[in-house]
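Trainee: Just need the structure, nothing else, for what follows:
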Amino acid sequence: MPRPVLQWPGVPTLCVLAALLVLGIDILPRRVFDVTMSVEARTEVVELTLDPQREYVWGLPAGSYSLLVAKPAEGCKSSPQFEVACRYAEPSYLKIRHGATVRFEALPPAEDGDDGPRFIVSIKPLEPSEKVTGAGERSAFEIRSASDELRAATTELVNYESNAVKLWRIPLELRRVVIGESLAENVIAADTSTARQPIMTEGNVRIFARRVFGGSNRYQVQEEHFDPADVVQIPGEGENGDSLLLGLLSLNGTARAFDVTLHTDFAKVFVRRLGAEHAIGASMWSIVSRDPASLALWAALVSLISIANYHSVRLNNKLAKQAAAQPPRRWLAKRR
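Mentor: Numbering: from 1, shown residues only. Presented below is the predicted three-dimensional model:
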């Protein structure tokens with residue numbers, strides 16, 4: 001009886017190991033890499049959800065406010081609709097506490113004597129369902145002068161319209177952002193009577209990654225461009241997290257639009273386009289494949305599998321030849 005021959009892993013086994021190695025990359029934990037995202041967009045309208053646990057102080061150019069106040073305020077006049085209109089010829093400051101939903105819209109050139117770019121702002125208190133844990137106080141808004149004198153205060157809706165301004169910007173620390181608005185399905189471009197609908201005109205998202213262990217430099221994983229009239233939202237509906245969106249909002253006077261720049265630890269952006277919604281994010285395979293160290297490790301593993309495959313075939317052939325060369329009766333003679 002021939003002596004048993006030890007069989008080393010052959011081509012099928014090693015191919016299965018290589019396939020498992022490829023598939024296993026996508027189930028690696030995200031915490032192995034530090035993933036961040038940067039969004040840049042030019043838009044005529046943007047909606048921001050502020051963090052209820054932070055206090056915001058924004059400088060606004062000369063303009064007019066429309067709000068509800070409990071007592072007469074300096075520079076304000078009451079209207080029959082129970083609103084108070086406040087007009088200021090110098091810049092003012094808006095203080096926001098306990099969060100708010102803020103909508104910025106750039107205005108088109110005026111038909112009767114345009115004197116420069118203008119914009120409007122709508123500041124709405126957060127609903128209780130929009131609050132985060134531990135932030136149950138009601139939203140509060142204050143209008144203050146450049147010398148920090150209180151001019152008006154309210155906890156209700158505030159509307160603002162600026163005078164013509166050449167340069168204006170504010171820093172952003174947000175919980176959520178919606179860039180652009182969906183166009184109505186029945187809009188006819190040739191109909192001049194149709195109300196203007198602001199949109200996002202251009203933008204892109206870039207995703208970066210860095211290895212948590214042994215990596216110091218960030219590298220770009222993916223870049224996607226948005227189409228005009230897309231609606232970009234971060235994070236998506238029903239998604240929450242501890243990460244903030246940090247960046248800058250500035251008025252572009254030439255384009256009559258806002259330039260938005262945001263950076264965040266969220267690794268996914270949601271895009272609504274023509275009634276459909278899709279997400280843009282980076283898979284673990286795309287993150288690993290762009291990392292030089294991971295690529296070097298991957299190349300080494302593939303090389304080891306190839307070398308092991310080559311030597312296993314040679315070893316198996318050698319053992320088979322040795323077994324075939326032995327006399328078949330030697331084992332039987334010893335047994336007798």
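Trainee: So what would you say the end-to-end distance of stretch 261-278 is?
Mentor: Terminal residues of stretch 261-278 lie 21 Å apart, using CA to CA, to the nearest Å.
Trainee: ok, now stretch 269-285?
Mentor: Stretch 269-285: ends 18 Å apart by CA to CA.
Trainee: avg pLDDT for that stretch?
Mentor: Averaging pLDDT along stretch 269-285 gives 83.
Trainee: Mind listing what's buried along that stretch?
Mentor: The neighbour-count check on stretch 269-285 (16 or more other CB atoms under 10 Å) flags 269, 270, 271, 272, 280, 281, 282, 284 as buried. C-beta here means a position set from N, CA and C on the backbone, and glycine is covered the same way.
Trainee: hang on, the first one in a strand?
Mentor: Yes: according to DSSP: H, G, I helix; E, B strand; the rest coil, the state of residue 269 is that of a strand.
Trainee: Nearest to residue 176 among the buried residues of stretch 269-285?
Mentor: Using CB to CB, residue 270 comes nearest to residue 176 of those, at 10.8 Å.
Trainee: so what's the closest one bridging to?
Mentor: Residue 270 has these beta-bridge partners by DSSP bridges: residue 233, residue 279.
Trainee: what residues are up against it?
Mentor: With contacts defined as CB atoms under 8 Å, 6 or more residues apart in numbering, the neighbours of residue 270 are 232, 233, 234, 235, 236, 237, 277, 278, 279, 280.
Trainee: want to try CSV for those, with distance to residue 50 as columns?
Mentor: As requested, the contacts of residue 270 are exported to CSV (distance: CB to CB, whole Å):
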residue, distance to residue 50
232, 18
233, 16
234, 14
235, 15
236, 18
237, 18
277, 24
278, 27
279, 24
280, 24
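Trainee: hey, where'd the helices end up in this protein?
Mentor: Per DSSP state H, the chain carries helices over the ranges 11-25, 284-289, 292-325, 330-335.
Trainee: got the residue ranges for the strands in the stretch 51-200 of the chain?
Mentor: 56-60, 63-67, 76-78, 84-88, 92-97, 101-106, 119-124, 140-144, 150-154, 158-162, 169-179, 200-211 (DSSP state E, counting those that start in this stretch).
Trainee: wait, doesn't residue 210 sit right on residue 221?
Mentor: No: using CB atoms under 8 Å, residue 210 is not in contact with residue 221, being 10.2 Å away.
Trainee: which one of these two has more residues nearby?
Mentor: Neighbour count, other CB atoms under 10 Å: between residue 210 and residue 221, residue 221 has more, with 23 against 15.
Trainee: ok, now how distant is the more buried one from residue 33?
Mentor: Using CB to CB, to the nearest Å, one obtains 9 Å as the distance from residue 221 to residue 33.
Trainee: Show me whatever sits in contact with both of the two.
Mentor: With CB under 8 Å, 6+ apart as the test, residue 221 and residue 33 both reach 209, 287.
Trainee: So what sits opposite residue 204 in the bridge?
Mentor: Beta bridges link residue 204 to residue 40, residue 225, judged by DSSP bridges.
Trainee: Just give the closest residue to residue 36, not the sequence neighbours.
Mentor: residue 208 (5.1 Å; CB to CB, 6 or more residues apart in numbering).
Trainee: quick one: contacts for residue 154?
Mentor: Contact analysis of residue 154 by CB under 8 Å, 6+ apart lists 67, 68, 69, 70, 140, 141.
Trainee: State the pLDDT value of it.
Mentor: Listed pLDDT for residue 154 reads 90.
Trainee: What's the local residue count around the closest residue to residue 211 other than its chain neighbours?
Mentor: Nearest non-adjacent residue to residue 211, counting by CB to CB, 6+ apart: residue 33, 5.9 Å away. For residue 33, the neighbour count with other CB under 10 Å is 22.
Trainee: Tell me how the chain divides into domains.
Mentor: 11-25+292-335, 33-181+195-278 (automatic domain parsing).
Trainee: any idea how far the residue nearest to residue 172 when sequence neighbours are not counted lies from residue 169?
Mentor: Excluding the flanking residues, the one nearest residue 172 by CB to CB, 6+ apart is residue 247, at 4.6 Å. Computed with CB to CB, the distance linking residue 247 and residue 169 is 11 Å.
Trainee: Comparing these two, which shows the higher neighbour count?
Mentor: Higher neighbour count among residue 247 and residue 169: residue 247, with 18 against 12, using other CB under 10 Å.
Trainee: And the pLDDT for that one?
Mentor: Confidence score, pLDDT, at residue 247: 96.
Trainee: Might you report the residue contacts of residue 38?
Mentor: 205, 206, 208, 261, 262, 263.
Trainee: 6 Å instead, please
Mentor: Counting by CB atoms under 6 Å, 6 or more residues apart in numbering, residue 38 touches 206, 263.
Trainee: Find me the pLDDT at it, would you?
Mentor: With respect to pLDDT, residue 38 scores 95.
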